[in-house]
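Chemist: Dropping the sequence and predicted coords here.
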Amino acid sequence: MSVAVLGAGAFGTALAISLARKAPATLWCRDEAHAAEMQASRENTRRLPDAPLPVSLTVTSDTDCFEAHDVILLAVPMQKMRSFLVQHRAALATKTLVACCKGIELDTGLGPVSVLREAAPEATAALLTGPSFAADIAKGLPTALTLACDPDETGKMLQSSLSTDNLRLYRTTDLVGAEIGGALKNVIAIACGAVIGAQLGDSARAALMTRGYAEMQRLALARGARPETLAGLSGFGDLTLTCGSEQSRNFRLGLSLGRGEVFDPSITVEGAATARATAKAAQVMGLEMPITQTVTNLLDQRLTIADAADQLLKRPLKEE
Ligand SMILES: NC(=O)C1=CN([C@@H]2O[C@H](COP(=O)(O)OP(=O)(O)OC[C@H]3O[C@@H](n4cnc5c(N)ncnc54)[C@H](OP(=O)(O)O)[C@@H]3O)[C@@H](O)[C@H]2O)C=CC1
Ligand SMILES: O=C(CO)COP(=O)(O)O
């Protein structure tokens, strides 16, 4: 089985490096000059510096390469995935497509798997998610992720093909749970970053992580997910990583909000659009998601950090 990774950002590059350590792999990059530069210099200096590309990894911008691969990892940002699939519909229609992004589509409220199924209905859809920083994967540090796929037979094939000596994949057929966990942990990480940036303390962060987890569960269960998925790598695992590390871009955006600093808008921060999409969906579904709503209000400058903390603390007292 041959694998190509489409999207040469930090995560796509890291996954391609990891796969190429066990078998020849292909990394597709949309920018011809960038692909040529990576192929020659054996490094993605723009998106993942200091991570040498193995000789077994080919970097190309030629879309003809899609045809030669059975399994395609899609490592483009969530808000770009639908247009990417539409643009390359003919070449991707019958492939096994593994979404590697985390988020909720702003216009539709759908997660990556639902977008895959809408935009490429004949393809087999899967999701790779869970706690991992691209730099850690590229260095070959130990990592465990969730591979979500239904049917499970295809999931087993993907699990064995994509696992490596250092990257251990667990399997689930609960695609809804896996995509909601991966999407919402970014929103909670923005909130946690804001709390730390505003020097509100580690206890406040722990409270936000716990009550944020309750929001993740509330939405996921309402959409038919299994609770154990949220307790796994794609939910609890990734929440812990992202809310606790300055390596996370979502956490760093939160830090900037908390410190009143400007954040570079060119950096991929999936939690921002996801917060807005989720706050809207929660309202339609009649679900209480106060932290998600607060993050949206902070991002849209409708609240200060002080008012946000005050509002959350003054909510009516309730059972846990
Ligand atoms: N970085 C990480 O540690 C991890 C990231 N993820 C997830 O992976 C996804 C991608 O993130 P990441 O790689 O970090 O982001 P980056 O910002 O590093 O890279 C995004 C990549 O997507 C490419 N891209 C954007 N739009 C398109 C498009 N329309 N067609 C083709 N390519 C496109 C960009 O190309 P160009 O360079 O030309 O702009 C760039 O190579 C996100 O959903 C993220 O949550 C998951 C786990 C870990
Ligand atoms: O998803 C990630 C870790 O699992 C990466 O987090 P950021 O997108 O916040 O950098």
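Modeler: On my side now, so go ahead. Only a predicted model underlies this, so the values are computations on that prediction, with no experimental measurement involved. Residues are numbered from 1 along each chain as shown. Ligands and ions are numbered 1, 2, ... in the order given.
Chemist: Identify the residues contacting A91.
Modeler: Neighbouring residues of A91 by Cβ atoms under 8 Å, 6 or more residues apart in numbering: 63, 66-67. Bear in mind the C-beta positions are built from the backbone N, C-alpha and C, glycine included.
Chemist: who wins for neighbours among the residues you listed?
Modeler: For these, neighbours were counted using other Cβ atoms under 10 Å, and F66 has the most, 17 neighbours in all.
Chemist: what's near enough to touch it?
Modeler: Here F66 is in contact with 4, 6, 28, 72, 88, 91-92, 95 (Cβ under 8 Å, 6+ apart).
Chemist: export those to a markdown table and tack on distance to ligand 2?
Modeler: Below are the contacts of F66 laid out as a markdown table (distance: Cβ to the nearest ligand atom, whole Å):
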| residue | distance to ligand 2 |
| --- | --- |
| A4 | 21 |
| L6 | 18 |
| W28 | 21 |
| I72 | 20 |
| H88 | 24 |
| A91 | 27 |
| L92 | 24 |
| K95 | 24 |
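Chemist: Looking at the residues you listed, which are in helices?
Modeler: Judged by DSSP state H, helices contain the following of the contacts of F66: 91-92.
Chemist: Can you tell me the centre-most residue of the chain?
Modeler: By Cα atoms, centre = their mean, the chain has its centre lying nearest to K102, at 2.4 Å.
Chemist: what's the helix or strand for the closest residue to it other than its chain neighbours?
Modeler: Closest residue in space to K102, ignoring its immediate chain neighbours: G182 at 4.0 Å, by Cβ to Cβ, 6 or more residues apart in numbering. Using DSSP states H and E, the secondary-structure element containing G182 is helix 175-197.
Chemist: C-alpha coordinates for the next helix or strand after that helix, PDB please?
Modeler: Downstream of helix 175-197, the first helix or strand assigned by DSSP H and E is helix 202-222. C-alpha atoms of helix 202-222 as PDB (Å, rounded to 0.1, in the frame of the first residue of the first chain):
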ATOM      1  CA  ASP A 202      -2.800  27.300  37.100                       C
ATOM      2  CA  SER A 203      -5.900  26.500  39.200                       C
ATOM      3  CA  ALA A 204      -8.000  28.500  36.800                       C
ATOM      4  CA  ARG A 205      -6.500  26.600  33.900                       C
ATOM      5  CA  ALA A 206      -7.300  23.300  35.600                       C
ATOM      6  CA  ALA A 207     -10.900  24.400  36.100                       C
ATOM      7  CA  LEU A 208     -11.200  25.500  32.400                       C
ATOM      8  CA  MET A 209      -9.700  22.200  31.200                       C
ATOM      9  CA  THR A 210     -12.200  20.200  33.300                       C
ATOM     10  CA  ARG A 211     -15.200  22.200  32.400                       C
ATOM     11  CA  GLY A 212     -14.000  22.500  28.800                       C
ATOM     12  CA  TYR A 213     -13.900  18.700  28.700                       C
ATOM     13  CA  ALA A 214     -17.500  18.700  30.000                       C
ATOM     14  CA  GLU A 215     -18.400  20.900  27.000                       C
ATOM     15  CA  MET A 216     -16.600  18.600  24.600                       C
ATOM     16  CA  GLN A 217     -18.600  15.700  26.000                       C
ATOM     17  CA  ARG A 218     -21.900  17.500  25.800                       C
ATOM     18  CA  LEU A 219     -21.500  18.300  22.100                       C
ATOM     19  CA  ALA A 220     -20.100  14.900  21.200                       C
ATOM     20  CA  LEU A 221     -22.700  12.900  23.000                       C
ATOM     21  CA  ALA A 222     -25.500  15.000  21.500                       C
END
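Chemist: Let me have the contacts of F66 in TSV, extended by distance to ligand 1 and pLDDT.
Modeler: As requested, these are arranged in TSV below (distance: Cβ to the nearest ligand atom, whole Å; pLDDT from 0 to 100):
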residue	distance to ligand 1	pLDDT
A4	13	97
L6	7	98
W28	8	98
I72	12	98
H88	9	96
A91	13	95
L92	12	96
K95	16	96
